[in-house]
Every structure is written in structure tokens, then in C-alpha cells.
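Trainee: give the three-dimensional model of this entry:
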Amino acid sequence: KEALTDSPMLLQVQRSVSGGKKEVTYYLSGNYSQEDGIMMDSKYNRINLRSRINAKLSDRVDLSFNVAPSYSKKQNPATNFIDFYRTPSFLPVRHTEATSALTGKPVGSYAHGRDFNSLVFTREDGTQFTASPFQTSNNNPRSLMDNEKRYVEDYNVQANSSINIKLMDGLTFTTSNGFFVKYRQNNEYRNYEAKKDGESAQATYKNRLYIDLLSENTLNYIGKTGKHGYSALVGYTAQTTKESTAGIVGLGFPTDYIHTLNAATVIDLNGTNTYPFKTAMMSFLGRVNYDFDDKYLFSASIRTDGSSLFYDGNQWGWFPSASVGWRASEEKFMKDINWISQLKLRASIGVTGNNNIPANSYYDLLYPQNYALGGGNGALVSGLAKSSTTKGNRDITWEQTYEYNAGMDLGLFDNRINLTLEGYYSITKQLLFKQPVLSFIGHTDYLNNIGRIRNQGIEIEITSNNIRNKTFEWTTSFNLAINSNKLLEL
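Mentor: Numbering: from 1, shown residues only. Below is the predicted model of the structure:
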């Protein structure tokens with residue numbers, strides 16, 4: 001119970017306002033939440049705002065703008081509940097008169113397990129023995145919790161604007177541009193001897209700035225001539241992401257009343273670092289759709305993506321796809337079958353890509369390293385050396401998955417019973433895999449395009465609308481999935 005709060009509180013307040021007229025509408029909302037955890041020093045506060053404006057500038061131009069800033073602050077406990085669970089319940093948080101007389105520690109000071117070690121006890125027969133029941137030098141968990149504080153603050157802003165321009169009948173140009181900015185700040189401070197005797201006071205400061213910019217631009221045409229329906233879309237997207245992190249650890253504070261890092265007498269170089277990186281993605285895409293009499297359906301698309309995560313010459317990948325469909329229930333010979341309300345058969349084939357790898361994976365990264373220079377045993381000189389873990393590989397490129405799907409959608413008795421049957425088969429090639437290497441080359445692994453994986457299976461879903469009226473609705477759903485995943489080559 002020493003770790004728990006007596007009455008954690010949960011509070012939420014939300015307000016919103018909306019209005020406008022035919023040409024311009026607006027919406028504004030705000031939310032404040034406060035949540036206390038069941039453990040002490042476990043709190044979360046959040047404030048977020050959201051606003052949206054939609055404007056019809058003319059018969060051909062529509063504009064929308066959204067912005068959503070937020071702020072949150074979280075306090076985390078310095079230890080977890082397991083430490084309290086492992087501490088014997090008869091051990092007090094602070095010394096009582098009884099334990100003070102036994103250990104010689106002042107009444108009211110924190111009671112640690114080591115205080116009871118190497119004490120001499122006398123048996124009833126007068127013989128004495130020495131006991132050390134607690135084999136730990138750490139302070140009790142409540143002491144650590146009272147003397148170490150951890151806070152995380154997040155500042156977020158997300159905004160997006162879009163413009164739709166009707167160039168002519170059926171032809172629309174849409175541009176959407178937005179950004180997401182996230183700034184996180186971590187602050188931790190541990191008092192002198194908070195964890196164990198003689199341990200220095202320690203302060204840790206970390207920050208992370210993440211900026212994501214996205215621009216999407218499409219030109220879309222929709223038309224219909226008699227029984228022929230068709231549409232086409234071409235587009236261009238660009239995205240860039242920038243992230244920078246920094247951390248510093250200070251030790252040897254002369255007093256626990258000043259927590260700023262300029263008061264530290266020692267800077268821990270192992271915990272002090274900066275890490276910036278930037279990535280970019282550019283895409284061109286196109287898609288055409290065609291249907292005849294709303295019964296025979298065809299779609300084809302192609303896109304090419306260029307990623308800065310790969311080296312020059314390997315940055316671009318091509319990903320085509322195509323699909324066909326047949327609404328058999330719209331055929332004349334199906335009209336007399338009243339109990340079938342919908343029957344659609346469909347199939348598709350396509351290629352997708354994956355570039356989920358760390359930034360700068362094609363470089364041999366440099367890290368701080370010491371060198372021994374000079375005569376005799378030499379003197380340590382700070383410098384740089386290649387990473388001893390992952391070796392860079394300039395030949396890596398997109399991982400590709402070839403997918404094949406076939407399915408059926410069946411509706412019976414005015415869609416009161418619906419059946420969906422799906423079969424899929426995919427082969428993933430050029431896996432982005434961290435491949436081990438022999439240690440004599442100076443590294444332990446490297447990213448490589450190697451291996452193939454096969455994934456296949458079927459999925460069945462049956463849904464029934466048992467009762468459906470104005471006051472009551474009862475539906476039943478049944479799902480069955482069979483999947484097989486096999487590594488074919490590595």
C-alpha cells in the first residue's frame with residue numbers, strides 16, 4: 001500500500017462550438033483530461049484543441065483548413081510495483097522506535113534492508129549469532145520514489161489544408177498540404193544517495209524534435225457514356241521527415257536544491273549524445289477504373305516511389321496492380337432467383353513495397369572511440385571509428401510483396417444473410433533482413449535483401465441480420481481464418 005495512492009482521480013472536460021453559413025462553416029473544440037495512476041508519482045495531464053474551417057470560394061473552388069495543437073505532461077514513478085512486492089511487508093518505510101533501538105538508526109529515517117544486516121542477536125539460552133537477512137545495498141523503493149522524479153512533456157501541432165478546383169465537368173484538381181511537429185522533453189533528477197549509500201546525485205535531460213511535411217496533389221477525371229463508366233487519376237506526393245534528438249547526463253551536484261545541469265560538476269559522456277537524421281519520399285501514381293453496365297468492373301494502377309533510405313541507384317521502386325470484378329447478380333438470368341440479393345466475384349493482383357529500415361543504413365556510421373598513441377603504454381586520445389555492430393550496405397533496395405487475391409460476396413434473402421469468402425497468396429522477395437556476418441570483418445551484421453516468404457490462406461465471414469426494426473437490431477457474425485506462413489529461402 002506504500003506505493004499506491006488513496007484516491008486516484010480521473011477528470012475530463014470537453015467543449016465545442018460550431019456554426020457558419022452556406023459558404024463558410026467552422027468548428028472549434030477543446031479538451032482537458034487529468035488522470036492519476038494507482039501508483040504514487042503516476043500522473044497524466046493533457047490539453048488539446050481542434051479547429052476546422054470549410055469555405056466555398058466559388059462554384060468551382062472549395063477550401064478547408066484544419067489545425068490541432070496539444071500539450072501533455074506525464075509523471076512516471078521512479079520504480080515499479082514489483083520492487084514493493086519483493087520488499088517484506090514487516091519492513092517499515094521509516095524507522096520506528098523499535099527498529100531504531102535494534103539498528104541504531106534515527107527514528108523517522110528511511111528503513112533500508114541493509115540496516116538490519118550484521119546485527120548480533122541473543123537466543124533464549126544466552127548464545128549469540130549474527131544475521132544478515134537482506135542481501136541488498138539498495139534503498140527501499142518508497143525512499144527511491146520520494147527522492148527521484150521523472151517528467152515527460154509533449155508539444156504537438158498538426159495542420160492540414162486542402163483545395164479542390166473543378167477545372168471542367170468531371171475533372172477536379174486537389175492539393176493537400178500539411179505538417180506534423182512533435183517536441184518531447186524528458187527531465188529526471190535523482191537526489192544524492194537516493195538509490196544507495198554514496199551514490200552521486202544525477203540529472204538527465206533529453207529532447208526530441210520531429211517534423212513531418214507532406215504534400216499530395218491529384219488530378220481526377222470521372223465520366224460516363226451510355227453503359228460505360230470510367231475514371232482516371234494521376235498524382236504526385238512528396239514527404240520529408242526530420243528528426244533530431246539530444247541528451248545529457250550530469251553528476252556530482254553540490255546540493256539537491258538546484259537541479260539545472262549547469263550545477264553538475266561532472267558530465268557523463270556515455271549518456272550524452274546528439275543524433276540528427278532526415279529522410280524523404282517522392283511518389284508518382286496513376287489509376288484507371290472502368291465498368292460496363294455496372295456489372296463488369298476493371299481497375300489498374302501503378303505507382304513509383306523513391307526513398308532516401310536507399311543509396312543512389314536503388315532508391316526507386318515500381319508497384320503495379322490490377323483487379324477485375326463481376327456483379328453476377330445484375331445479370332438477367334439471375335433476376336428470377338429472388339433469394340440471392342447480391343453475388344459478386346472479384347480477383348486482384350499487385351505488388352507492394354517496404355522500406356522500413358533505419359536511416360543511413362547504407363553508410364558505415366562513425367562513433368566515438370579512444371586511441372592509444374605515443375611511446376610506452378601510450379596515451380588515450382579521443383577519436384572516431386566505424387560501428388562494431390551493423391555494417392553499411394549500399395546495394396539494399398525495396399522489399400517487394402507479390403499478392404494474389406480472389407473472393408466472393410454473397411447476399412441472401414434481401415441481404416439478411418451475407419457471406420464473404422476470401423483467398424489470398426503472396427510471395428515476399430528481397431527481404432530487408434539483418435544478416436549475421438563473420439566477426440573478423442569488424443562487424444556483427446548488415447542489412448541485406450535476402451530470402452523469400454510465402455503467405456497464403458482463406459478467410460470466411462458470415463453475418464446474419466436476425467432482427468432489424470426501428471427499435472431493435474440483432475446481428476450475428478461468424479469468422480473463420482486459415483493461414484499458412486512459410487520461409488522459403490534465407
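
Trainee: from the rest of the structure, what touches stretch 454-461?
Mentor: 418-428, 477-486, 488 (CB atoms under 8 Å, 6 or more residues apart in numbering). Any C-beta I mention is one placed from the backbone N, CA and C, and that applies to glycine too.

Trainee: what mean pLDDT does that stretch get?
Mentor: Mean pLDDT, computed over stretch 454-461, is 95.

Trainee: also stretch 313-332?
Mentor: 93.

Trainee: what about the strands in the stretch 251-400 of the chain?
Mentor: Ranges of strands in the stretch 251-400 of the chain, per DSSP state E, counting those that start in this stretch, are 266-292, 296-307, 316-327, 340-354, 366-373, 379-386, 390-391, 399-412.

Trainee: what's the most buried one of those strands?
Mentor: strand 390-391 (a mean of 19; mean count of other CB atoms under 10 Å).

Trainee: tell me what that one is packed against?
Mentor: Judged by 3 or more CB pairs under 8 Å, 6 or more residues apart in numbering; DSSP states H and E, strand 390-391 is in contact with strand 445-449.

Trainee: which of the strands of the stretch 251-400 of the chain sits closest to residue 128?
Mentor: strand 266-292 (44.7 Å; CB to CB).

Trainee: next one: that closest one to chain centre, how far?
Mentor: On the basis of CA atoms, centre = their mean, to the nearest Å, strand 266-292 sits 13 Å off its chain's mean C-alpha point.

Trainee: next, the angle from it to strand 366-373.
Mentor: Strand 266-292 and strand 366-373 are oriented at 150 degrees to each other (axes from the mean of the first three to the mean of the last three CA atoms, to 10 degrees).

Trainee: who's in contact with residue 383?
Mentor: 368-371.

Trainee: now render those as JSON lines, adding pLDDT and distance to residue 259.
Mentor: Formatted as JSON lines, the contacts of residue 383 follow (pLDDT from 0 to 100; distance: CB to CB, whole Å):
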{"residue": "368", "pLDDT": "77", "distance to residue 259": "27"}
{"residue": "369", "pLDDT": "80", "distance to residue 259": "32"}
{"residue": "370", "pLDDT": "81", "distance to residue 259": "31"}
{"residue": "371", "pLDDT": "83", "distance to residue 259": "36"}
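
Trainee: show the pLDDT at the residue lying closest to residue 370 once chain neighbours are set aside.
Mentor: In this structure, residue 370 finds its nearest non-sequential neighbour in residue 380, 4.7 Å apart by CB to CB, 6 or more residues apart in numbering. Looking at residue 380, its pLDDT is 83.

Trainee: OK, contacts around residue 380?
Mentor: 370-372.

Trainee: how does it look with 10 Å?
Mentor: Contacts for residue 380 (CB atoms under 10 Å, 6 or more residues apart in numbering) come out as 370-374.

Trainee: turn these into CSV, including distance to residue 445.
Mentor: Converted to CSV, these look like this (distance: CB to CB, whole Å):
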residue, distance to residue 445
370, 24
371, 25
372, 28
373, 30
374, 35
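
Trainee: widest-spaced pair of those residues?
Mentor: 370 and 374 (12.9 Å).

Trainee: between these two, which contacts overlap?
Mentor: Common neighbours of residue 370 and residue 374 (CB under 10 Å, 6+ apart) are 380-381.

Trainee: can you classify residue 144 by secondary structure?
Mentor: Three-state call for residue 144 (DSSP: H, G, I helix; E, B strand; the rest coil): helix.

Trainee: any idea how far residue 103 is from it?
Mentor: Distance of residue 144 to residue 103, computed by CB to CB, to the nearest Å: 19 Å.

Trainee: looking at those two, which one has more neighbours?
Mentor: residue 144 (20 against 17; other CB atoms under 10 Å).

Trainee: which stretches of the stretch 251-400 of the chain have low pLDDT?
Mentor: Applying pLDDT under 70 to the stretch 251-400 of the chain flags residues 388.

Trainee: so which bits of the helix or strand hosting residue 465 are buried?
Mentor: According to DSSP states H and E, residue 465 maps onto strand 452-468. Using 16 or more other CB atoms under 10 Å as the test for burial, strand 452-468 gives 453, 463.

Trainee: taking their axis directions, that strand and strand 399-412 sit at what angle?
Mentor: Put simply, strand 452-468 runs at 20 degrees to strand 399-412, going by the same axes, to 10 degrees.

Trainee: give me the distance between strand 452-468 and the centre of its chain.
Mentor: 28 Å.

Trainee: right, and the helix or strand after that strand?
Mentor: Following strand 452-468 in sequence, per DSSP H and E, is strand 473-489.

Trainee: partners of that following strand, with directions?
Mentor: strand 452-468 (antiparallel) (DSSP bridges).

Trainee: neighbours of residue 123, how many?
Mentor: Per other CB under 10 Å, the neighbour tally for residue 123 reads 8.

Trainee: list the contacts for it?
Mentor: Residues near residue 123 by CB under 10 Å, 6+ apart: residue 129.

Trainee: next: residue 358.
Mentor: 277, 279, 309, 365, 390, 447.

Trainee: return the member of those residues nearest to residue 56.
Mentor: residue 279 (37.1 Å).

Trainee: verify the stated contact: the closest one with residue 360.
Mentor: Yes - under the criterion of CB atoms under 10 Å, residue 279 makes contact with residue 360 at 9.3 Å.

Trainee: common neighbours of the two, please.
Mentor: The contact sets of residue 279 and residue 360 overlap at 308-309 (CB under 10 Å, 6+ apart).

Trainee: burial measure for the closest residue to residue 61 other than its chain neighbours, as a count.
Mentor: If the residues on either side of it in the chain are set aside, residue 61 comes closest to residue 165, at 5.4 Å by CB to CB, 6+ apart. Using other CB under 10 Å, residue 165 has 16 other residues around it.

Trainee: by contact count, what packs against the helix or strand where residue 165 lies?
Mentor: Following DSSP H and E, one finds residue 165 within strand 148-168. For strand 148-168, the packing partners by 3 or more CB pairs under 10 Å, 6 or more residues apart in numbering; DSSP states H and E come out as strand 43-56, strand 61-76, strand 171-190, strand 202-225.

Trainee: would you mark the buried spots in the second one?
Mentor: Put plainly, it is strand 61-76. 62, 65-66, 68, 70, 72, 74-76.

Trainee: again with the shortest one
Mentor: With burial defined by 16+ other CB under 10 Å, the residues of strand 43-56 counted as buried are 43-46, 48, 50-54.

Trainee: partner strands of it and their direction?
Mentor: strand 24-36 (antiparallel), strand 61-76 (antiparallel).

Trainee: now do the last one
Mentor: Strands flanking strand 202-225 in the sheet, each with its direction: strand 171-190 (antiparallel), strand 228-251 (antiparallel) (DSSP bridges).

Trainee: relative orientation of it and strand 148-168 in degrees?
Mentor: 20 degrees.

Trainee: what mean pLDDT would you report for strand 202-225?
Mentor: 95.

Trainee: one more: the first one?
Mentor: Across strand 43-56, the average pLDDT comes to 94.
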